[in-house]
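Peer 1: missing the sequence, but the structure's below:
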DNA sequence: ACCTGAACACCGTTCAAGT
DNA sequence: ACCTGAACACCGTTCAAGT
């Protein structure tokens, strides 16, 4: 006799994302997720292979959402040098909003690696802006330079590596301005 | 009646660092560390408050060692623009050597934050080179730009975010070259 | 076909008892 | 003063038994 479904994969992932931000990765336990969706922990294994997969799904959903944000940010600015600034600010805003999830997306570990298609989707707007700025040949290199800097800046910001004085907001604007210039008007 | 010491804090931290690289952060269990130094797990608590503190000590030691490497790299190159390249390469080499520990240093979590003094020590060479390059006023901003980019690049490299084709080594050299130019010869 | 209680292996940590 | 076995609370996960 079938039992009516008491939860769903979608609900589980949503609960997981909420827990991740409120309680950290350590607080994201199967027990807590189960409680949150109103089910016993073993039932989660009907929808998810295990905690590792749940974490991967959360990272995936986060990368997808970041892609949306970047797409919207890129659409709002036609001048490529200013679009770089807009994109970088969008990354930073997203990271401040969901620090734990943002961290997860760029966390190492092989197993939880983002799906290549999601990765391509999330980086598409940056790649497009980079191509506008430096041409197709250097587009990938330029996109990687921008994403590396933006990701590194907010990662260090989130990890508390910028505690040695100075204005962090100004440091961000300094960096993104120089970055845009360097790509738009390369020396030598 | 005193018992002769069967291990030491130093040995514990060394074993922890070894385990971190060989088995990952998840494999860094108190049990494994205890086995590694030839003692039972509860004995570790005579030298360390708990696993959290052990992880923090490992991060601390790693940041310290990274500082040494950067100091040596900076000393090997007097031209500031080339010193930036040398420093960035040193960061990358260190990250490739000890990926898990490198990750730990920049991991978030408040609790495991690096000691400010160690942080200052590790960033001193970068700050010095930045000052040579752009002057004292912009030195901190420039240093943050370089470290953010370098850290972001290798973090993404380690996390497998650069899997969309293209030559990653070339992307690194492209980035560091443009970075050096941007700082040495700012536009506008 | 989903859900559950019970159970297992494993973890971090505490503590009384040994030497 | 350090070390240990035993114990506790808490994980992730499995599985037979319920509906």
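Peer 2: That came through, no problem. What you are looking at is a predicted structure, and each value in this text was computed from that prediction instead of being measured.

Peer 1: right, and residue A:66 touches residue A:104 too?
Peer 2: No - in this structure, residue A:66 is not within contact of residue A:104 by CB atoms under 8 Å, at 11.2 Å. Yep, even glycine has a C-beta here, placed from its N, CA and C like the rest.

Peer 1: Could I get the full set of helices for chain A?
Peer 2: A:9-27, A:30-37, A:51-75, A:80-97, A:99-105, A:116-134, A:136-159, A:168-184 (DSSP state H).

Peer 1: Let me know which of the ones you listed is the nearest to residue B:93.
Peer 2: Across the helices of chain A, residue B:93 has its closest neighbour in helix A:136-159 (16.4 Å, CB to CB).

Peer 1: near chain B, anything from that closest one?
Peer 2: Yes - Helix A:136-159 reaches chain B (CB under 8 Å from any CB of the partner chain) through A:138, A:140-142, A:144-145, A:147-153, A:155-156, A:158-159.

Peer 1: what comes up buried for that helix?
Peer 2: A:138-159 (16 or more other CB atoms under 10 Å in any protein chain shown).

Peer 1: is it true that residue A:11 touches residue A:34?
Peer 2: No - with contact defined as CB under 8 Å, residue A:11 does not reach residue A:34; the gap is 11.2 Å.

Peer 1: any weak-confidence spans in chain A?
Peer 2: A:1, A:109-112, A:187-188 (pLDDT under 70).

Peer 1: Let's see that with 80 instead.
Peer 2: For chain A, the stretches flagged by pLDDT under 80 are A:1-3, A:107-112, A:186-188.

Peer 1: Would you mind listing what in chain A touches DNA strand C?
Peer 2: A:1-3, A:5-7, A:39-40, A:42-43, A:46 (CB under 7 Å from any atom of the strand).

Peer 1: which of the residues you listed are buried?
Peer 2: For the residues of chain A next to DNA strand C, buried by 16+ other CB under 10 Å: A:7, A:39.

Peer 1: Out of the residues of chain A next to DNA strand C, flag the one nearest to residue A:166.
Peer 2: Proximity of the residues of chain A next to DNA strand C to residue A:166 was ranked by CB to CB; the top entry is residue A:7 with 47.5 Å.

Peer 1: Let me see the contact set for the closest residue in space to the closest one that isn't next to it in sequence.
Peer 2: Leaving aside its sequence neighbours, residue A:7 sits nearest to residue A:37 (CB to CB, 6 or more residues apart in numbering or on different chains; 4.4 Å). The contact partners of residue A:37, by CB atoms under 8 Å, 6 or more residues apart in numbering or on different chains, come to A:6-7, A:11-12, A:15.

Peer 1: Taking the residues you listed together, which two end up most distant?
Peer 2: So, the contacts of residue A:37 by CB to CB: farthest apart are A:6 and A:15, at 12.9 Å.

Peer 1: of all of chain A, which residue lies closest to chain B?
Peer 2: With CB to the nearest CB as the measure, residue A:152 is the residue of chain A nearest to chain B, at 2.2 Å.

Peer 1: if I look at that residue, how far off is residue A:5?
Peer 2: As judged by CB to CB, to the nearest Å, residue A:152 and residue A:5 stand 43 Å apart.

Peer 1: now swap in residue A:33 and tell me
Peer 2: For residue A:33, the distance to residue A:5 - CB to CB - is 16 Å.

Peer 1: cool, residue A:63 as well?
Peer 2: From residue A:63 to residue A:5 the distance is 27 Å (CB to CB).

Peer 1: Repeat that for residue A:139.
Peer 2: Distance, residue A:139 to residue A:5, by CB to CB: 46 Å.

Peer 1: check contacts around the residue nearest to residue A:120 when sequence neighbours are not counted.
Peer 2: Of all residues not flanking residue A:120 in the chain, residue B:164 sits nearest, at 6.0 Å (CB to CB, 6+ apart). Contacts for residue B:164 (CB under 8 Å, 6+ apart) come out as A:116, A:119-120, A:123, A:140.

Peer 1: Tell me the residues of chain A that contact DNA strand D?
Peer 2: Along chain A, the residues adjacent to DNA strand D under the rule CB under 7 Å from any atom of the strand are A:1, A:3, A:28-32, A:41-42, A:45, A:50-52.

Peer 1: Among the residues you listed, the buried ones, what's the PyMOL command?
Peer 2: The PyMOL selection below is limited to those of the residues of chain A next to DNA strand D classed as buried (16+ other CB under 10 Å):
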select buried, chain A and resi 28+30
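
Peer 1: Which two among the residues of chain A next to DNA strand D are spaced furthest apart?
Peer 2: It's A:1 and A:28 that sit farthest apart of those, by CB to CB, at 33.5 Å.

Peer 1: Assess the claim that residue A:92 and residue A:173 are in contact.
Peer 2: No - using CB under 8 Å, residue A:92 is not in contact with residue A:173; the gap is 10.5 Å.

Peer 1: Show me which of the two is the more surrounded one.
Peer 2: residue A:92 (20 against 15; other CB atoms under 10 Å in any protein chain shown).
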